[in-house]
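[1] My questions concern the predicted model and sequence given below.
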Amino acid sequence: MTSSTNPSQSSAATVADPVGPKHAKLLEFLATRGQVEFDAKQIKRWQQLLKQARAELLGPLPQDTTVAIIDGWVRRVTLKCSEAAGLWPAIATAPALAQVEEIEVVVDGGLEAWIEAARQHPQRVTRFYLNADYCDQDTGEILSEDDHSTEVVAAANALRDATELVLGLYLHPTSSLAGLDLPQLTSLAVCAETASGAECDPAVLRSLTQAHCPQLRRVAWESRTAMDPSVVASLPPQWTELGFWGPSHAAVQALVAGRPSLTAFGMSDHDRDDPDAPGDEALLKLAEGRRLFGPRCAYIKAFNAGHRLLHALERREDALEHFAALRGRNCRDIDVHFQYAYALEDDHEVVNAYCEALLIDPDHEATHNNLGNALRRLGRPRLALYHLLRSLEAMPDYREGWSYLAEVYRELGQEDDARAAEARAVGD
């Protein structure tokens with residue numbers, strides 16, 4: 001797992017010029033990842049530089065805006081409609097936000113004003129999360145369970161150039177997505193809640209077939225209610241990537257069996273309490289020649305599905321796509337960063353990703369172990385030594401770690417230390 005790319009430069013750091021002198025210092029520092037020991041002093045320095053550069057990084061955004069900053073750039077932004085309406089024109093042109101990959105818009109009382117702004121000022125980013133849960137972001141209080149599907153459709157249509165869209169909303173028997181008019185949309189994920197226990201997901205899914213989304217290929221549906229397999233079977237053939245989460249295992253298996261043209265389908269974490277959930281072997285058989293993808297909205301299910309993709313099913317490419325999406329929305333979660341790094345194959349990128357993880361938890365022993373091994377593979381035994389020793393301080397019984405340490409000592413010409421480490425590796 002090596003690459004011919006310049007090991008002193010992360011791919012993100014070379015995408016665009018810095019947006020200010022403090023941002024430039026941050027990017028210069030990030031370029032040293034993999035060149036020096038990433039110890040507590042380095043992490044503290046990174047945190048200081050990030051804090052100093054925050055104003056430049058956020059550009060027109062208020063300093064308390066919820067953002068994901070990864071590799072020295074803002075990658076994801078979350079704004080309420082009432083905030084986004086006035087900021088939308090500036091977001092579209094601000095150099096500091098040129099690397100944004102996804103914008104989440106939380107629906108509130110400022111929806112109409114934001115719709116008008118969104119219509120007039122298209123964004124460079126084409127991936128959006130339209131959060132119409134009508135839930136207080138601070139308290140979790142449900143503010144409304146009424147049918148807002150007409151408003152949500154109008155909001156979605158304001159994002160005329162969207163290629164990927166997540167809709168989070170409450171469904172009613174009167175709800176419909178038939179009015180969607182998004183000519184560039186290729187991927188739509190619906191995170192559905194239902195009011196008063198109504199099972200209206202199949203009807204709303206059927207209404208989606210009437211929408212004007214000619215490029216739509218992937219449809220993903222997360223819900224607490226079952227999906228009618230007959231509705232799934234009748235979906236347009238051009239929808240070649242389908243996923244359903246909730247009590248819908250029968251629908252998933254029916255669509256896979258009945259749609260040979262399907263190129264990808266959604267899978268979940270293996271629910272051992274559900275006898276209908278396909279096991280790993282059965283799932284891999286169903287997925288022969290097809291891609292797999294997991295849910296994105298319900299975090300625990302999403303993380304576990306990604307973990308299953310990466311480790312049990314050994315679908316590295318599918319898992320990398322999955323964790324890349326989760327990383328933006330859960331940028332303060334050490335486990336998401338760790339799994340994302342684990343899924344990478346280029347060791348220069350691996351080093352950068354594990355360093356991002358250590359920024360969240362500087363003492364994460366598994367990250368130190370894997371970072372040390374990536375540096376070892378890149379031919380940097382002196383740097384690898386520090387991280388492997390940090391790992392073994394916390395995991396002294398990890399025999400494989402002692403084997404890695406022995407290799408590093410031997411590369412450094414420290415034969416006595418190498419033999420001592422080998423003795424620990426075999427349990428002496």
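    Received the coordinates, thanks. Numbering: from 1, shown residues only.
[2] sec struct for residue 167, please.
    Three-state call for residue 167 (DSSP: H, G, I helix; E, B strand; the rest coil): strand.
[3] Give me the pLDDT value at it.
    For residue 167, the model assigns a pLDDT of 96.
[4] wouldn't it be in contact with residue 149 here?
    No. Using Cβ atoms under 8 Å as the test, residue 167 is too far from residue 149 to be in contact (9.2 Å). C-betas here are computed from N, CA, C, even on glycine.
[5] Pull up the overlap in contacts between those two.
    Both residue 167 and residue 149 are contacted by residue 177, under the criterion Cβ atoms under 8 Å, 6 or more residues apart in numbering.
[6] What residues sit buried inside stretch 99-116?
    Using 16 or more other Cβ atoms under 10 Å as the test for burial, stretch 99-116 gives 99-108, 110-111, 114-115.
[7] wait, which of these is closest to residue 382?
    Proximity of the buried residues of stretch 99-116 to residue 382 (Cβ to Cβ) peaks at residue 99, which lies at 32.7 Å.
[8] would you say that closest one is within a helix?
    No. Counting by three-state DSSP, residue 99 is not part of a helix but coil.
[9] In the stretch 151-300 of the chain, mark out all the helices, start to finish.
    Using DSSP state H, counting those that start in this stretch, the helices of the stretch 151-300 of the chain run over 201-208, 229-233, 249-258, 280-286, 299-307.
[10] on that earlier part again, return the subset of the buried residues of stretch 99-116 lying in helices.
    Judged by DSSP state H, the buried residues of stretch 99-116 include 111, 114-115 as members of helices.
[11] export these to CSV and tack on pLDDT and distance to residue 309?
    Putting these into CSV (pLDDT from 0 to 100; distance: Cβ to Cβ, whole Å) gives the following:
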residue, pLDDT, distance to residue 309
111, 95, 36
114, 97, 35
115, 97, 36
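[12] how about TSV for those, with distance to residue 42 added?
    Below are those laid out as TSV (distance: Cβ to Cβ, whole Å):
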residue	distance to residue 42
111	44
114	41
115	45
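[13] Quickly note the distance from the nearest residue to residue 373 once chain neighbours are set aside to residue 418.
    Using Cβ to Cβ, 6 or more residues apart in numbering and skipping residues adjacent in sequence, the residue nearest residue 373 is residue 404, 5.8 Å away. Distance, residue 404 to residue 418, by Cβ to Cβ, to the nearest Å: 11 Å.
[14] Kindly report the same for residue 253.
    Distance from residue 253 to residue 418, by Cβ to Cβ: 53 Å.
[15] now do residue 299
    43 Å.
[16] quick one on the thing from earlier: any chance of the helices of the stretch 151-300 of the chain in TSV, with mean neighbour count too?
    Converted to TSV, the helices of the stretch 151-300 of the chain look like this (neighbours: other Cβ atoms under 10 Å):
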stretch	mean neighbour count
helix 201-208	20
helix 229-233	16
helix 249-258	18
helix 280-286	14
helix 299-307	20
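[17] returning to what we had before: the residue nearest to residue 373: what's it in contact with?
    369, 372-373, 376, 384, 388.
[18] ok so, going back, and of the ones in helices among the buried residues of stretch 99-116, the nearest to residue 363?
    Comparing these against residue 363 with Cβ to Cβ places residue 114 closest, at 41.9 Å.
[19] wait, doesn't the closest one sit right on residue 85?
    Yes. Residue 114 lies in contact with residue 85 (Cβ under 8 Å); the separation is 4.2 Å.
[20] Return the helix or strand in the protein with minimum mean pLDDT.
    helix 249-258 (a mean of 81; mean pLDDT, DSSP states H and E).
[21] can I get the CA coordinates of that helix in PDB?
    Taking Å, rounded to 0.1, in the frame of the first residue of the first chain, the C-alpha atoms of helix 249-258 are listed here in PDB:
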ATOM      1  CA  HIS A 249     -35.600  -7.500   4.900                       C
ATOM      2  CA  ALA A 250     -38.200  -9.400   2.800                       C
ATOM      3  CA  ALA A 251     -38.400  -6.500   0.400                       C
ATOM      4  CA  VAL A 252     -34.700  -6.300   0.000                       C
ATOM      5  CA  GLN A 253     -34.300  -9.900  -0.800                       C
ATOM      6  CA  ALA A 254     -37.200  -9.800  -3.200                       C
ATOM      7  CA  LEU A 255     -35.800  -6.800  -5.100                       C
ATOM      8  CA  VAL A 256     -32.400  -8.500  -5.400                       C
ATOM      9  CA  ALA A 257     -33.800 -11.700  -6.600                       C
ATOM     10  CA  GLY A 258     -36.200 -10.000  -9.100                       C
END
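[22] just checking, what packs against that helix?
    helix 229-233, strand 241-245, strand 264-266 (3 or more Cβ pairs under 8 Å, 6 or more residues apart in numbering; DSSP states H and E).
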